[in-house]
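Asker: Mind looking at a prediction? Sequence and model below.
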Amino acid sequence: MKLLVTGFEPFGGSLINPSELVVQTLAQATLPGIELETAVLPVAQTTGPAALIQAVRTTQSEAVLCLGEAGGRAALSVERVFVNLMDYSIADNSGNRITDQPIAVDGPAAYFATLPVRAMVEAIAAAGIPAEFSLSAGAYLCNQVSYALLHFLQTEALPIPAGFMHLPYLPQQVANSRVAHPSMSLETMVQGVTIALQIIAGTQR
Ligand code: PCA
């Protein structure tokens with residue numbers, strides 16, 4: 001099965017984004033039964049969603065798992081729902097800070113993820129890796145690209161399961177912080193995302 005997994009470039013003044021490192025690591029991996037396509041998306045209002053949809057079109061992937069950083073979360077966080085709202089709390093990497101705007105003017109209020117989210121969370125947790133559901137992907141780029149992708153797939157009537165997983169900070173992102181933020185090692189994140197991909201592809205043993 002051909003799967004597309006995407007991450008994001010660093011944003012908000014940070015020099016690293018765990019999702020980019022996870023995607024770069026997975027790009028070197030061999031997963032039996034899975035043909036992995038990868039992309040790293042810009043954290044930008046117009047080019048972020050456009051790059052994702054372009055990657056889906058050009059790779060002709062059969063399912064899509066997008067990844068992004070959610071600093072402060074303690075577990076691999078499988079998003080269930082994406083709302084039709086851009087309400088950025090910080091500017092994107094192009095310097096735009098959009099507030100109170102819909103993503104698609106004529107779109108529905110929200111889309112649910114179409115990946116097997118329960119099986120993903122349960123399989124990751126069963127492997128001893130912290131995993132959880134999340135009912136909000138925020139109102140920034142992670143929510144936006146996911147909503148835009150699901151809206152595109154719905155509009156084009158493409159039966160491609162798609163969804164999003166937020167990742168905690170890496171240890172090196174919090175090591176010198178005065179606040180005690182949770183973190184997870186790159187190796188553990190890669191292991192958890194690999195399990196999610198195996199669930200999506202139906203190749204988990
Ligand atoms: N996290 C941001 C955007 C890019 C990323 O990795 C978010 O949660 O919206």
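Answerer: That came in fine, so what should we check first?

Asker: Assumed residue 166 was part of a helix.
Answerer: No: counting by DSSP: H, G, I helix; E, B strand; the rest coil, residue 166 is located in no helix; its state is strand.

Asker: Contacts only, for it.
Answerer: The contact partners of residue 166, taken as Cβ atoms under 8 Å, 6 or more residues apart in numbering, are 67-70, 73, 76-77, 79, 134, 137, 142. In short, each C-beta sits where N, CA and C put it, glycine included.

Asker: what's the burial count for the nearest residue to it once chain neighbours are set aside?
Answerer: Of all residues not flanking residue 166 in the chain, residue 70 sits nearest, at 3.6 Å (Cβ to Cβ, 6 or more residues apart in numbering). The local packing of residue 70 (other Cβ atoms under 10 Å) involves 22 other residues.

Asker: tell me the pLDDT at residue 70?
Answerer: Note for residue 70: predicted pLDDT of 98.

Asker: ok, it - contacts?
Answerer: Counted by Cβ under 8 Å, 6+ apart, residue 70 has contacts 77, 134, 138, 142, 166-168.

Asker: Out of the contacts of residue 166, which are close to the ligand?
Answerer: Subset of the contacts of residue 166 in contact with the ligand: 68-70, 142, counting by Cβ under 6 Å from any ligand atom.

Asker: from the residues you listed, which two are the most distant?
Answerer: 69 and 142 (8.3 Å; Cβ to Cβ).

Asker: Give me the residue at the spatial middle of this protein.
Answerer: For the chain, the residue nearest the mean C-alpha position is residue 67 (2.3 Å; Cα atoms, centre = their mean).

Asker: Helix or strand: which one has it?
Answerer: Element membership for residue 67 (DSSP states H and E) is strand 63-69.

Asker: Most distant residue from the centre of this protein?
Answerer: residue 178 (27.5 Å).

Asker: do you know how far that one is from residue 11?
Answerer: 22 Å (Cβ to Cβ, to the nearest Å).
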